[in-house]
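**Q** Here is the input, now give the coordinates:
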Amino acid sequence: MLARRFLYIIAGIIALILAFGIAWSLFQEPLMRMAFVPGEPFEAPAAATAPDYAKPEAWIARPDLKTDPSRWLPKGATLPKDRPVAVFYVPPTTYFSKAHWNAPINDADSREWLTLFTQSEASAFNGVGEVWAPRYRLATLGAFLTDKPDAQKAFDLAYGDVVRAFDAFLAQIPADRPILLAAHSQGSVHLMRLMHAKMADTPIAKRIVAAYLVGWPISVEADVPALGIPACANPGEANCLITWQSYAEPADQHQIRTIFESGKGYTGQPRKGTHMLCVNPLTGAQGATPALPTANRGSLIPDKAVKSFTFAASGVGARCDANGALLIGAPPEGYGSYIMPGNNYHVFDYALFWSNIRADAAARAKSFLAR
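**A** Have a look, this model is predicted:
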């Protein structure tokens, strides 16, 4: 009797799992909107909540901070004595609650994720210069899942913080110092907008060593010409921009294609029908030529909870496909958590290629300084 009851319970659990799996596959996007999109209308936070970028506490990374996750290095690694570049890094989305359209600046969970991403992403650039990374009232994850006007208001508020942070950054570095721009995901959205609005056709554009706008779709024809610098075509090339989006295979790219094709680029041209930029982080070049795993100089492997990373001396290969996605082959070991729908390894866009990004930044800085 007990054995039969146990079997009934197991059968019920399996049925629930199967039902949930079917529901997820059929209604994935509506379920995500239900889980992450705020139900209340956007309400601008009080002016007093705006970060003051003249103060160190408004930054997660800055040269004068006692603790700074961007200074992380693998065991045994050291920094070069000469680091002539100033790095401005804009972090990705670290707020997933639907309680607010924008992250409260002191939200504990958001700050924990911010520390982790600054360590695993911005640290790739600390070999060329000191990193500046602002804390900002970033839009919640749900803002990416809806076309409500509230979402654009949330993005505008976050962008306003990034603009003020960049102005403060410029005011505190020498006027002739080369600048490396870096970002991921939502950070790349804001940084691309900033390049179009405040850098294109200005002297600032000539100071840019490279711009790593990783984890966001950029159109070669509809965006790049309006951003002030061209796309990087070859390894070691300077004063150019880079992006990629990592997928294991089989890859379902429809979500990012929908975002890419839904609007106009910064030139005013529709993105639909244009090419999505992909620069392979293992080769530093555009094109479909695949890079084998042996070309990967080292990756950061997360723990099961994705609360910390350890360095591994080898990693995955990668190739840009015809759609502009970066394909990494079969799902790699060690990255089982936080994989997005469609085999999208978005969370690990930097971690998968950490050492190559570091070497790529050094090569582009060397080229820039030699000009």
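**Q** Give the closest residue to Val279 in space, chain neighbours not counted.
**A** Ile242 (4.4 Å; C-beta to C-beta, 6 or more residues apart in numbering). Where you see a C-beta, it was placed from the backbone N, CA and C, and this is true even at glycine.
**Q** Show the contacting residues for Ser188.
**A** Ser188 makes contact with Val90, Pro92, Leu213, Val214, Gly215, Trp216, Thr243 under the criterion C-beta atoms under 8 Å, 6 or more residues apart in numbering.
**Q** what's the following helix or strand after the helix or strand of the chain with the lowest mean pLDDT?
**A** Least confident element among the helices and strands of the chain, by mean pLDDT, DSSP states H and E: helix 2-36 (a mean of 51). Toward the C-terminus, helix 2-36 is succeeded by strand 59-61 as the next helix or strand (DSSP states H and E).
**Q** quick one: strands adjacent to the next helix or strand after that following strand?
**A** Moving toward the C-terminus from strand 59-61, the next helix or strand (DSSP H and E) is strand 85-90. Sheet pairing of strand 85-90 (DSSP bridges) gives strand 129-134 (parallel), strand 179-184 (parallel).
**Q** In a markdown table: the ones you listed, plus distance to Ala171 and mean neighbour count.
**A** Shown next, in a markdown table, are these (distance: least, C-beta to C-beta, whole Å; neighbours: other C-beta atoms under 10 Å):
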| stretch | distance to Ala171 | mean neighbour count |
| --- | --- | --- |
| strand 129-134 | 11 | 25 |
| strand 179-184 | 13 | 26 |
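**Q** among those strands, which is nearest Ala35?
**A** strand 179-184 (22.2 Å; C-beta to C-beta).
**Q** downstream neighbour of the closest one in the secondary structure list?
**A** Using DSSP H and E, the helix or strand that follows strand 179-184 in sequence is helix 186-194.
**Q** give the contact list for Ala351.
**A** The neighbours of Ala351, taking C-beta under 8 Å, 6+ apart as the test, are Ser120, Glu121, Ser299, Leu300, Ile301, Pro302, Phe309.
**Q** hmm, 6 Å instead?
**A** Neighbouring residues of Ala351 by C-beta atoms under 6 Å, 6 or more residues apart in numbering: Ser120, Leu300.
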